[in-house]
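Novice: Mind folding the following:
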Amino acid sequence: MSNNGPVVFALNTCRPFGEAVASSAAMELMAHEEREFEDGEFKIRPLVSVRNRDVFVIQSLYDDGEQSVCEKLCRLLFFVGALRDACAERITLVIPYLCFARKDQKSRSRDPVTTRYIASMMESVGADLVVTMDVHNLAAFQNAFRIPTEHLEARRLFAEHLSRLVLDVDVVVVSPDVGGLKRANAFRDTLSRRTRQVISTAYMEKYRSVGIVSGETVIGDIEGRTVIILDDMISRGTTLARTVKACRDRGAVQVYAAATHGVFAADAEEVLSAAGVDKIIVTNSIPPVRLSKEFRDLRVRVISVAPLFGEAIRRIHEGQSIVELVEG
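Specialist: Have a look, this model is predicted:
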């Protein structure tokens, strides 16, 4: 790998996040062009030489009301192709929120496995490495790609923030379904070490059939305790609302929720306003632009993961351990 420093780009809709990443790592974002045409097509290219350079491209793949998920993905793929044609030595995609990652297996006949399709597209245009954070199914993500991947986690940041709220109280970490129990256990261990408290876990029954979610039982002791519900994302908020209600019904004294990706789609604010959750902690992998300022100020805390990604870029460029970064 070239001894020159990394070349870092952030596509236009991810520019504020990219600037925060670059600032945290004492790096500079390089210039690029995104030119729009009258018929809705566009072209995208770097404006600096990337020949024989170690290149990082930051683009979080969510619908922000200006560009759809598909348009952001298309722009990223076209940019990677342009970088490959311009003889970049290595191209790393830095994707805080990876789109289409929820459909990672066939649950019905002729179902798509979109995680694998996304991987194939990124590989085909010339990506060498993909870095993302708290995907829905880690094993499916890792198995979908033939190129190397790095997976970051927000649990240490959540533990740092929540440890100040739950110090010296009886705490239980709750997963909204049995599939998230491994994630909940890892977070419990991190929070336990930080607070030096004994913390237990519980999980909620969850069954899904033809888009209908059911299951009301919480497996674990909730009564008289402070609950932290942990998940990878909040979309419409219905799963979180069901879990909050079940915990309240079983005697929880306070309920916090932590989710890496705050999608907040459709009527999420209305659903969550009625849920009775005390505070929702998310990261800035997706800015909470669909929520009103009043709701954000009252119920939501956004934690920046830009320094985490900045450090990851530095370590990848210098050939250092990402495992140490994740595990601390």
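
Novice: Please tell me the pLDDT value assigned to Asn4.
Specialist: With respect to pLDDT, Asn4 has a value of 76.

Novice: Return the residues in contact with Ser163.
Specialist: When contacts are counted by Cβ atoms under 8 Å, 6 or more residues apart in numbering, Ser163 touches 191, 194-195. C-beta here means a position set from N, CA and C on the backbone, and glycine is covered the same way.

Novice: ugh, wrong one, Lys72
Specialist: Applying Cβ under 8 Å, 6+ apart to Lys72 gives the contacts 11, 13, 59-62, 99.

Novice: repeat that for 6 Å
Specialist: Contact partners of Lys72, counting by Cβ atoms under 6 Å, 6 or more residues apart in numbering, are Leu61.

Novice: Gly328 versus Leu83, what's the distance?
Specialist: 32 Å (Cβ to Cβ, to the nearest Å).

Novice: And the two? Which one has more around it.
Specialist: Neighbours were counted for Leu83 and for Gly328 using other Cβ atoms under 10 Å; Leu83 has more, 24 against 10.

Novice: Just the CA trace of the lengthiest helix in the chain, in PDB.
Specialist: Ordering each helix of the chain by length in residues (DSSP state H) puts helix 69-85 first. Taking C-alpha atoms only, helix 69-85 is exported to PDB below (Å, rounded to 0.1, in the frame of the first residue of the first chain):
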ATOM      1  CA  VAL A  69     -32.000   4.800  -1.100                       C
ATOM      2  CA  CYS A  70     -31.700   3.500  -4.700                       C
ATOM      3  CA  GLU A  71     -30.300   6.800  -6.000                       C
ATOM      4  CA  LYS A  72     -27.700   7.000  -3.200                       C
ATOM      5  CA  LEU A  73     -26.700   3.400  -3.900                       C
ATOM      6  CA  CYS A  74     -26.400   4.100  -7.700                       C
ATOM      7  CA  ARG A  75     -24.300   7.200  -7.100                       C
ATOM      8  CA  LEU A  76     -22.000   5.200  -4.800                       C
ATOM      9  CA  LEU A  77     -21.600   2.400  -7.300                       C
ATOM     10  CA  PHE A  78     -20.900   4.800 -10.200                       C
ATOM     11  CA  PHE A  79     -18.300   6.700  -8.100                       C
ATOM     12  CA  VAL A  80     -16.500   3.500  -7.100                       C
ATOM     13  CA  GLY A  81     -16.400   2.500 -10.800                       C
ATOM     14  CA  ALA A  82     -14.900   5.900 -11.700                       C
ATOM     15  CA  LEU A  83     -12.300   5.500  -8.900                       C
ATOM     16  CA  ARG A  84     -11.400   2.000 -10.200                       C
ATOM     17  CA  ASP A  85     -11.000   3.400 -13.800                       C
END
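
Novice: Pull out the buried positions in that helix.
Specialist: 72-73, 75-84 (16 or more other Cβ atoms under 10 Å).

Novice: re the thing from before, return the closest of the contacts of Ser163 with respect to His317.
Specialist: His317 has its nearest neighbour among the contacts of Ser163 in Arg194, at 29.4 Å by Cβ to Cβ.

Novice: so who does that closest one touch?
Specialist: Contacts for Arg194 (Cβ under 6 Å, 6+ apart) come out as 159, 163.

Novice: mind starting the numbering at 30 from now?
Specialist: Done: numbering now begins at 30, and the last item shifts to Arg223.

Novice: From Leu127, how far off is it?
Specialist: Distance, Arg223 to Leu127, using Cβ to Cβ: 28 Å.

Novice: Same check on Ser350?
Specialist: Ser350 is 22 Å from Leu127, by Cβ to Cβ.

Novice: Compare those two (neighbour count), which wins?
Specialist: Leu127 (28 against 9).

Novice: Wait, the more buried one touches Val160, no?
Specialist: No - in this structure, Leu127 is not within contact of Val160 by Cβ atoms under 6 Å, at 9.8 Å.

Novice: mind giving me the domain ranges of this structure?
Specialist: 36-182+335-356, 184-332 (automatic domain parsing).

Novice: want to throw these into TSV with mean pLDDT?
Specialist: Listed next are the domains of the chain as TSV, based on pLDDT from 0 to 100:
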stretch	mean pLDDT
domain 36-182+335-356	95
domain 184-332	92
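
Novice: what comes up buried for the strand or helix carrying Ala231?
Specialist: For Ala231, the host element (DSSP states H and E) is strand 229-233. Buried residues in strand 229-233, counted by 16+ other Cβ under 10 Å: 230-233.

Novice: Using a markdown table, lay out the residues you listed together with distance to Val123.
Specialist: Listed next are the buried residues of strand 229-233 as a markdown table, based on distance: Cβ to Cβ, whole Å:
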| residue | distance to Val123 |
| --- | --- |
| Thr230 | 31 |
| Ala231 | 34 |
| Tyr232 | 32 |
| Met233 | 33 |
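
Novice: ok, which pair from those residues is furthest apart?
Specialist: Thr230 and Met233 (11.4 Å).

Novice: ok, and what's touching the helix or strand hosting Met262?
Specialist: Under the criterion of DSSP H and E, Met262 resides in strand 255-263. With contacts defined as Cβ under 6 Å, 6+ apart, strand 255-263 is touched by 163, 165, 195, 198, 200-203, 205, 213, 216, 269, 272, 276, 281, 283-292.
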